[in-house]
Each structure stands twice: as structure tokens, then as C-alpha cells.
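**Student:** Based on what follows, work out the 3D shape:
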Amino acid sequence: MAKSLEDLQRQCHRVMIAYWRVAQRKFPSLVGVPMPELKFNLRGRAVGRATYRAGNRLHQTTIALKNEYLLSNTVEMFNDTIPHEVSHIIAGVLFRSTGHDGPWRQVMAAFGLKAQRFTYTNFIPDEVKLRVAMKGQKHD
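**Tutor:** As a prediction, the model looks like this:
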């Protein structure tokens, strides 16, 4: 039986919590930093986006995910996208790092994962594929 979107979103929360706890063990200075807020409202081409604003020890951090990708690529979301975005948050909070630089790669390595800049470039929504295919056709 297929899981509902809400079930998959709850599973995303559990996956994020698990990675956050691993990170707290690997990077003790992360203890006490609030866990990111997880949203499922991402639009556009990306399937995940991490944002943070630093301020004293209170950090406003958010990970936004794309529901369409969650539904069609659940395993990749759990195994690649969520740790990828959590790594951005940790690298930003601990090292004031942005992008896919050394600190981000260090966090990915701490998770035992390959530091790939784009873990989801093969995801193109069907409606985009259809528009691209139709663009080159002549209409009578």
C-alpha cells in the first residue's frame, strides 16, 4: 500500500531528526542549536533548499522540500536530499559557510556520504518534459 503524502512528510521529519542527532554527536558545538524547521512548500527547479540566519546562539534555520519529488523519489529524498540540506544548515551555523565548499563536504563526510553537489539533477517534472517536447513541433 502506498503511503500518503502526510505519512511521507512525517518520515522526512524523522529522517531529519536522525541526521541532526548524528551531527550533534560528530559536532558537539551543535548541541543546543535548534533543529531546522522543515517545510514542504518549495517551488521551482530545486527539490531541496536550506536557509539560515545566524543571531547569537539562536539560529533561524529552515529546510524546504518539494512534495512532487518526495512522492516520486522517496528513497532519494531520504538518503540524499535531506542529509544534503541538513549539511548546508550545519556548515552555515558552525562554519558560516555557504555553498558546496569544504565545510559542507566535511559535514557530508561525517554522515558517511559522498559530497555531491547535485544529488537530484535527473528530476524533471513531466509537465516540463512535455513543454520541451512540444516546443520543437510545428502546428498545422
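**Student:** got the phi/psi numbers for residue 73?
**Tutor:** Here is the backbone geometry of residue 73 (degrees, to the nearest 10): phi -140, psi 60.
**Student:** what's the neighbour count on it?
**Tutor:** Counted with other Cβ atoms under 10 Å, the neighbours of residue 73 add up to 18. Yep, even glycine has a C-beta here, placed from its N, CA and C like the rest.
**Student:** Please apply the same query to residue 111.
**Tutor:** 17.
**Student:** what do you get for residue 88?
**Tutor:** By other Cβ under 10 Å, neighbour count at residue 88 equals 26.
**Student:** Spit out the contact partners of the closest residue to it other than its chain neighbours.
**Tutor:** What sits nearest to residue 88 in space, not counting adjacent residues and going by Cβ to Cβ, 6 or more residues apart in numbering, is residue 50, at 3.7 Å. Residue 50 is in contact with 36, 61, 62, 63, 64, 85, 86, 88, 89, 92, counting by Cβ atoms under 8 Å, 6 or more residues apart in numbering.
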